[in-house]
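Q: just a sequence and a predicted model for now, questions to come.
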Amino acid sequence: MNAVVTGGGGFLGAAIVRQLAARGDRVLSISRSHHSELDELGVEQQSVDLRDPGAVHGALRDADCVFHVAAKTDVWGARADFEQTNVVGTKNVIEAARAAGTGRLVFTSSPSVCFDGKSHVNASNDLPYAARFLSPYPETKARAERAVLAANAGDLLTCALRPHLIIGPGDPHLVPRLLAKAAAKKLAIVGPGDNEVSLTYVENAAHAHLCAADRLEPGAPHAGQAYFIAQLEPVQLWPWINTLLRRLDLAPVTRRVPLGVARSAGALLEVIWRALRLDGEPPMMRFVAAQLATSHSYSMEPARRDFGYREQVSLAEANERLVQSLLAQRS
């Protein structure tokens, strides 16, 4: 396989690159920055702005498969920035892949494209897109996903994967933010605290991308479809967080905030931050409040059935690898 990975230096993108390189595929990583980790793998890199259609066309010239992982993933920020990276950038990738005769496109989406503020337990692929979004991130990812799936045709086969809450060694996003807030005593249990969520170990998420790409051929059941990716076993979010904190010798979270209070506070803070153009993000947002309080877990049966995905690293092993990596950072 001659593969191009957009965002190949990121957390998930780098895992996909590692797995492709390990099995002998030719890999080109395109991103805005150069990454020394990929140099050590002998992986070719190009600095490409996905908003530049000419640059994207040039990068995809020799590819027979593209993994489009790059995105603006923050919860807070200017809508135009999300629009340019997530929507315009994705359309440029689609057009470049089709022009280059790439053949296959696997898009990294997000379960948040379906998140409507309500609990979803063991949800499957028939979960509809949300009718209303609380953040420009899920809104623009939904638009990008729709474009990718609509592009599925004879000359370009596409699918979308929605990994949920990716964890693992080297995570620069989810767990570091949780630990920083917990250490600063700024973390509170939102809602009853019994919500069930799915996590995804990063190497499992990467493996799912390779499985989907390898089996993406004419008539494949996953062509033109989107799939949730997660561990087979969900967790109860707050007990999972508190177990992680205890393993790291940090105080567990005990303070509680009703969901209605957190959501109202988030709405007010969002207005204040926008009106005053304050730096950073509000300490609470409506989207975050709903995510922290509701259940969102997903069935792996469709991915297992349609493109042969099998979990490579169990939840117990994933948790242990995560803890050991965090402890090693302290030593």
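A: On my side now, so go ahead.

Q: who's sitting farthest from the centroid in the chain?
A: Ranking residues of the chain by C-alpha distance from their mean position (CA atoms, centre = their mean) puts Leu276 at the top, at 30.2 Å.

Q: from Pro282, how far out is that residue?
A: For Leu276, the distance to Pro282 equals 11 Å [CB to CB, to the nearest Å]. (C-beta placed from N, C-alpha, C; glycine too.)

Q: remind me which helix or strand the closest residue to Val88 other than its chain neighbours belongs to.
A: Excluding its sequence neighbours, the residue lying closest to Val88 (CB to CB, 6 or more residues apart in numbering) is Arg51, at 5.7 Å. Element membership for Arg51, per DSSP states H and E: none, as it lies in no helix or strand.

Q: Arg51: how many residues sit nearby?
A: The local packing count at Arg51 equals 12, with neighbours defined by other CB atoms under 10 Å.

Q: and for Leu179?
A: Using other CB under 10 Å, the number of residues around Leu179 comes to 17.

Q: how near is it to Val197?
A: Summarising the geometry, the distance separating Leu179 from Val197, computed by CB to CB, is 17 Å.

Q: for Arg310, same thing?
A: As judged by CB to CB, Arg310 and Val197 stand 22 Å apart.

Q: ditto for Arg162
A: For Arg162, the distance to Val197 equals 14 Å [CB to CB].

Q: list the buried ones in whatever helix or strand Tyr137 lives in?
A: Applying DSSP H and E as the criterion places Tyr137 in helix 136-150. By neighbour count, with 16 or more other CB atoms under 10 Å as the criterion, the buried positions of helix 136-150 are 136-149.

Q: what does stretch 165-180 give?
A: Along stretch 165-180, the positions that meet the burial threshold by neighbour count (16+ other CB under 10 Å) are 165-169, 171, 175, 178-179.

Q: quick one: end-to-end length of that stretch, please.
A: Across stretch 165-180, the straight-line distance between its terminal residues is 17 Å, by CA to CA, to the nearest Å.

Q: next one: stretch 13-32
A: End-to-end distance for stretch 13-32, by CA to CA: 13 Å.

Q: check the offset of it from the chain's centre.
A: On the basis of CA atoms, centre = their mean, to the nearest Å, stretch 13-32 is displaced by 17 Å from the centre of the chain it belongs to.

Q: name the residues that touch that stretch?
A: Contacts to stretch 13-32, defined as CB atoms under 8 Å, 6 or more residues apart in numbering, come from residues 1-10, 35, 37-38, 41-49, 56, 59, 63, 67, 69-70, 168, 170, 202-203, 205-207, 209-210.

Q: any regions of the protein where pLDDT drops low?
A: Scanning the chain for pLDDT under 70 picks out 331.

Q: just how off-centre is the strand or helix carrying His207 within its chain?
A: Element membership for His207, per DSSP H and E: helix 202-214. How far helix 202-214 lies from its chain's middle: 13 Å, per CA atoms, centre = their mean.

Q: keeping just the C-alphas, turn it into PDB.
A: This file holds the C-alpha atoms of helix 202-214, laid out as PDB (Å, rounded to 0.1, in the frame of the first residue of the first chain):
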ATOM      1  CA  VAL A 202      -5.000   4.300  20.500                       C
ATOM      2  CA  GLU A 203      -3.400   1.200  19.000                       C
ATOM      3  CA  ASN A 204      -6.900  -0.300  18.700                       C
ATOM      4  CA  ALA A 205      -8.200   2.800  16.900                       C
ATOM      5  CA  ALA A 206      -5.200   2.700  14.500                       C
ATOM      6  CA  HIS A 207      -5.800  -1.000  13.900                       C
ATOM      7  CA  ALA A 208      -9.400  -0.400  13.000                       C
ATOM      8  CA  HIS A 209      -8.300   2.100  10.400                       C
ATOM      9  CA  LEU A 210      -6.000  -0.400   8.700                       C
ATOM     10  CA  CYS A 211      -8.700  -3.100   8.800                       C
ATOM     11  CA  ALA A 212     -11.200  -0.700   7.200                       C
ATOM     12  CA  ALA A 213      -8.700   0.300   4.500                       C
ATOM     13  CA  ASP A 214      -7.600  -3.200   3.700                       C
END
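
Q: contacts for that helix, please.
A: Helix 202-214 is contacted from outside by 1, 3, 11-12, 15-16, 18-20, 65, 67, 69, 104, 106, 108, 159, 161, 163, 166-171, 222, 227, 229, 231, 303, 307-313, 318, using CB under 8 Å, 6+ apart.

Q: what strands line up against the next helix-or-strand element following it, and which way round?
A: Scanning forward in sequence from helix 202-214, with DSSP H and E defining helices and strands, the next element found is strand 226-229. Based on DSSP bridges, the pairing partners of strand 226-229 within the sheet are strand 157-163 (parallel).

Q: with only the CA atoms kept, save the strand it pairs with in CSV.
A: Once side chains and other backbone atoms are set aside, the C-alpha atoms of strand 157-163 remain, and they are given as CSV (Å, rounded to 0.1, in the frame of the first residue of the first chain):
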residue,chain,number,x,y,z
LEU,A,157,-14.4,4.2,-2.0
THR,A,158,-14.8,5.9,1.4
CYS,A,159,-15.7,5.1,5.0
ALA,A,160,-15.6,6.9,8.3
LEU,A,161,-14.5,5.7,11.7
ARG,A,162,-15.6,7.3,15.0
PRO,A,163,-13.2,6.4,17.7
